[in-house]
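>>> Kindly generate the corresponding structure for this input.
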Amino acid sequence: MNPLCSRCNLVVYPTEKINCLDKYWHSRCFRCEVCNMSLNMKNYKGFEKRPYCNAHYPRVNYTCVADTPENLRLKQQSKTQSQVLYKEDFEKNKGKSYTVVTDTPELQRLKKSQDQVSNFKYHEEFEKSKSSHVQEDFERSKTQHHQPGNPASAPYQPPAAPQGYHYNPAPEPVRPAAAAPPPSAGKRYRAVYDYAAADEDEVSFMDGDVIVDVQQIDEGWMYGRVERTNQQGMLPANYVEAI
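From the prediction side, this is the model:
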């Protein structure tokens, strides 16, 4: 069933029908309510579901309020309250400054680059710190090993004989510095750091060298032969790892 025109109240057929402002109109009936100007869907303006042209579109009228003593008092009170709130917010946020930075693709790229640089520097500092700690442990172990007061390196002192007894102490066994202890069942180690010999009874090696015929001396030192150079001597235990 065809609807009725909102202006002439006659049947509107599909060929001349305009659906606008929740109503149906003939194309010839779609006119301004004031000047009866013919309108279309591009130049009309609706107000309370009625069409108007641009010249006669109803304007919003503002109500003028007289400056009575009561209105002036309320205006002054509102102004004072606004100043109090502004001063309170100012004192609360005093010394604080906020800068809003837009998260653009360029800033995201710079942030990613800074994170990568920071991560690289962190690992670099970590490796330096690790190497320094290993070197300190090695120097401390070496110093303790060669100290005259170290119990591990001090010569054997026989106990004092009771009064009235006399005996000849056994001669102190002396191992030549160049003599190597017997091999320890073919134990093999790999060097994880470079090491330069500091004494005549030590052996130098490089990172990755294979050390064979290893004999454990104490917790800090070993005796072995570097397979690459075929040199043998003492070496720090924390510079190698078992294969």
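>>> distance between stretch 69-82 and the chain's centre?
53 Å (Cα atoms, centre = their mean, to the nearest Å).
>>> Can you give me the end-to-end span of stretch 57-66?
End-to-end distance for stretch 57-66, by Cα to Cα, to the nearest Å: 28 Å.
>>> and it, average pLDDT?
On average, the pLDDT along stretch 57-66 is 74.
>>> Ok, stretch 113-126 next?
So the average pLDDT for stretch 113-126 ends up being 74.
>>> Relative to Tyr122, how far out is the residue nearest the centre of the chain?
Residue closest to the average C-alpha location in the chain (Cα atoms, centre = their mean): Asp115, at 6.5 Å. Between Asp115 and Tyr122 the computed distance is 10 Å (Cβ to Cβ, to the nearest Å). (Each C-beta comes from the backbone N, C-alpha and C, glycine too.)
>>> Could you do Arg59 as well?
68 Å.
>>> Equivalent analysis for Asn36, please.
81 Å.
>>> what do you get for Arg190?
Distance from Arg190 to Tyr122, by Cβ to Cβ: 27 Å.
>>> pretty sure the residue nearest to the centre of the chain belongs to a strand, no?
No: in this structure, Asp115 is helix, not part of a strand, as judged by DSSP: H, G, I helix; E, B strand; the rest coil.
>>> Mind checking what helix or strand follows the helix or strand of the chain with the lowest mean pLDDT in sequence?
Here the helix or strand of the chain ranked lowest by mean pLDDT, DSSP states H and E is helix 105-146, holding a mean of 73. Counting by DSSP states H and E, the element after helix 105-146 in chain order, helix or strand, is strand 189-191.
>>> State the next helix or strand along the chain beyond that following strand.
strand 210-216.
>>> Now do the buried residues in that following strand.
210-215 (16 or more other Cβ atoms under 10 Å).
>>> hmm, back to that, ok, Arg59 and Tyr122, which is more surrounded?
Between Arg59 and Tyr122, counted using other Cβ atoms under 10 Å, the more crowded position is Tyr122 (10 against 7).
>>> Could you check how far Asp209 is from Asp137?
From Asp209 to Asp137 the distance is 20 Å (Cβ to Cβ).
>>> Ok, Lys92 next?
55 Å.
>>> out of those two, which sits in the more crowded spot?
Neighbour tally, Lys92 and Asp137, criterion other Cβ under 10 Å: the higher count belongs to Asp137, 13 against 8.
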